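Q: build me a model from this:
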Amino acid sequence: MILQYWQKELPFKYPFTISNGRTKTHQPSLVVALSIGNFTGFGEAPAIAYYHITVEQMVADLESKKQMVEKFALTDPERYWHYLHHLFPENPFLVCALDMAAWDLFGQMKGKKLYQLWNTQWENTPVTDYTIGIDSIEKMLFKMKEQPWPIYKVKLGTDQDIAIIKALRAATDAVLRVDANAGWTLEEAREKIPQLAELGVEMIEQPLAKDNWEGMQQLYQESQLPLFADESCVFEQDVLRCANHFHGINIKLTKCSGLTPARRMIAKGRELGMKIMMGSMNESSIGAAAVANFLPQLDYVDMDGPLLLSQDMASGIHFDYGAVTLGGSAGLGVRVQF
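A: Next comes the predicted model:
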């Protein structure tokens, strides 16, 4: 294999803010490519500050073991993931990018999209939500009205949470989901969730701090709404712990280290009777295409990354009022453009 990589800064349409006041105007990302003959597979890993993995660190790790990355004989992407996992044990983001590229490459070599390699049919695919980041109520309303959509995911974690949802609900009959990004205490969650239920909110993502397992167990038993783990469910071993604390899990490919472990997380979640969601971390259409190939296996999806960016890196995914279709090419199903 031949390895290439690029460092990218993808601009958001609007500054993107979540709980605790974290705001960014650009998404730093690493794009990798693995080539064999005439086939090239692409992968992407966004850098997320609160996980303390930068693009610069990913590049440094990649450069230090570039020859070892290239020398593997790609006969099975799952075996390659295990190889990469031991090669970069402290950098799951980089492993994800390389795992994604390997699956894309392998799919092209086999002439199949990934969901076909996984023996799933393109049916019963959930509609993606559209995320409204924290802002003034007026600006959040503007963002919602500018992008008519059947499902909105609303970032909360402020002292205006109920007022925000009341204002949005007054302006739309669309499904509303809430993502608190671990921004509430148990007391706040107990106070807000019944009010959000009355306002027709469908589900709550990560209401409490990621390690507040005692609080989550209490909230799980009391909540009028389904609770989904995000920050509490990063790696495979977290799925079992989330049982009896959350009704579902939100899997992020970048955090869990790729498509290969995500498949196992889905299987484990199903075994435990949990609902399965897959989310994005502001990836371009490269990373979003990886999520899209999982759609037949999901109950919910948040793959609006390309819609939040003012500049994309690939084509091939089509969004039609939340419904997602993939392009005609094999592998991920996208054409990279940069």
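
Q: so what sits opposite L326 in the bridge?
A: I317 (DSSP bridges).

Q: P46 versus that one, what's the distance?
A: Computed as CB to CB, to the nearest Å, the L326 to P46 distance reads 21 Å. Glycine gets a C-beta too; all of them are placed from N, C-alpha and C.

Q: which one's more surrounded, those two?
A: P46 (25 against 20; other CB atoms under 10 Å).

Q: contact partners for the more buried one?
A: Listed by CB atoms under 8 Å, 6 or more residues apart in numbering, the contact set of P46 reads 27-29, 93, 254, 281-283, 287.

Q: and for P92?
A: P92 touches 53, 235, 254-258, counting by CB under 8 Å, 6+ apart.

Q: can you rerun that using 6 Å?
A: Neighbouring residues of P92 by CB atoms under 6 Å, 6 or more residues apart in numbering: S257.

Q: and it, how far from N119?
A: Distance from P92 to N119, by CB to CB: 26 Å.

Q: if we can go back for a sec, most neighbours among the contacts of P46, which one?
A: Going by other CB under 10 Å, G287 tops the contacts of P46 with 32 neighbours.

Q: under a three-state scheme, what state does that residue occupy?
A: helix (DSSP: H, G, I helix; E, B strand; the rest coil).

Q: find the nearest non-adjacent residue to it, please.
A: Spatial nearest neighbour of G287, chain neighbours left out: E44 (4.3 Å); criterion: CB to CB, 6 or more residues apart in numbering.

Q: pretty sure that neighbour is touching I286, no?
A: Yes - under the criterion of CB atoms under 6 Å, E44 is in contact with I286, at a separation of 4.2 Å.

Q: neighbour count winner among the two?
A: E44 (32 against 29).

Q: send the alpha carbons of the helix or strand that one falls within over as PDB?
A: Assessed by DSSP states H and E, E44 sits inside strand 39-46. Output of strand 39-46 as PDB, limited to C-alpha atoms (Å, rounded to 0.1, in the frame of the first residue of the first chain):
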ATOM      1  CA  PHE A  39      -7.700   1.900  -6.200                       C
ATOM      2  CA  THR A  40      -7.500   4.600  -3.500                       C
ATOM      3  CA  GLY A  41      -9.400   4.600  -0.300                       C
ATOM      4  CA  PHE A  42      -9.900   7.600   1.900                       C
ATOM      5  CA  GLY A  43     -10.400   8.200   5.600                       C
ATOM      6  CA  GLU A  44     -11.000  11.200   7.800                       C
ATOM      7  CA  ALA A  45     -10.400  12.000  11.500                       C
ATOM      8  CA  PRO A  46     -11.500  15.400  12.900                       C
END
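
Q: buried stuff in the following helix or strand past that strand?
A: Downstream of strand 39-46, the next assigned helix or strand under DSSP H and E is helix 55-64. For helix 55-64, burial by neighbour count (16 or more other CB atoms under 10 Å) applies to 55, 57-59, 61-62.

Q: re the thing from before, each with direction, which strands does the strand holding E44 pair with?
A: For strand 39-46, pairing defined by DSSP bridges yields strand 22-36 (antiparallel).

Q: buried stuff in the strand it pairs with?
A: So, applying 16+ other CB under 10 Å, buried residues of strand 22-36: 26-35.

Q: got it, and stretch 186-205?
A: Buried residues in stretch 186-205 (16+ other CB under 10 Å): 186, 188-190, 192-193, 196, 201-205.

Q: and what of stretch 239-254?
A: Those would be 239, 242-243, 245-254, for stretch 239-254 by 16+ other CB under 10 Å.

Q: off-centre distance for whichever helix in the chain runs longest?
A: For the chain, the helix with the greatest residue count under DSSP state H is helix 92-110. Its chain's average C-alpha position is 16 Å from that of helix 92-110, according to CA atoms, centre = their mean, to the nearest Å.

Q: quick check: mean pLDDT of that helix?
A: Averaged across helix 92-110, pLDDT comes to 98.

Q: so that it lines up with my notes, have the first residue be 386 from now on.
A: That works, and once the first residue is 386, the last one we named lands at helix 477-495.

Q: buried set for that helix?
A: For helix 477-495, by 16+ other CB under 10 Å, it's 477-494.

Q: helix or strand right after that helix?
A: Past helix 477-495, the next helix or strand by DSSP H and E is helix 499-502.

Q: packing partners for the helix or strand just after that following helix?
A: Going down the chain from helix 499-502, the next helix or strand is strand 515-517, by DSSP H and E. Of the remaining helices and strands, those touching strand 515-517 by 3 or more CB pairs under 6 Å, 6 or more residues apart in numbering; DSSP states H and E are helix 522-531, strand 536-540.

Q: doesn't C618 belong to a strand?
A: No - counting by three-state DSSP, C618 is not found in a strand; it is coil.

Q: ok, it - contacts?
A: 627, 634.

Q: and it, backbone torsions?
A: With angles defined as degrees, to the nearest 10, C618 sits at phi -130, psi 90.

Q: how near is it to Y436?
A: In terms of CB to CB, C618 sits 14 Å off from Y436.

Q: same question for R464.
A: 26 Å.
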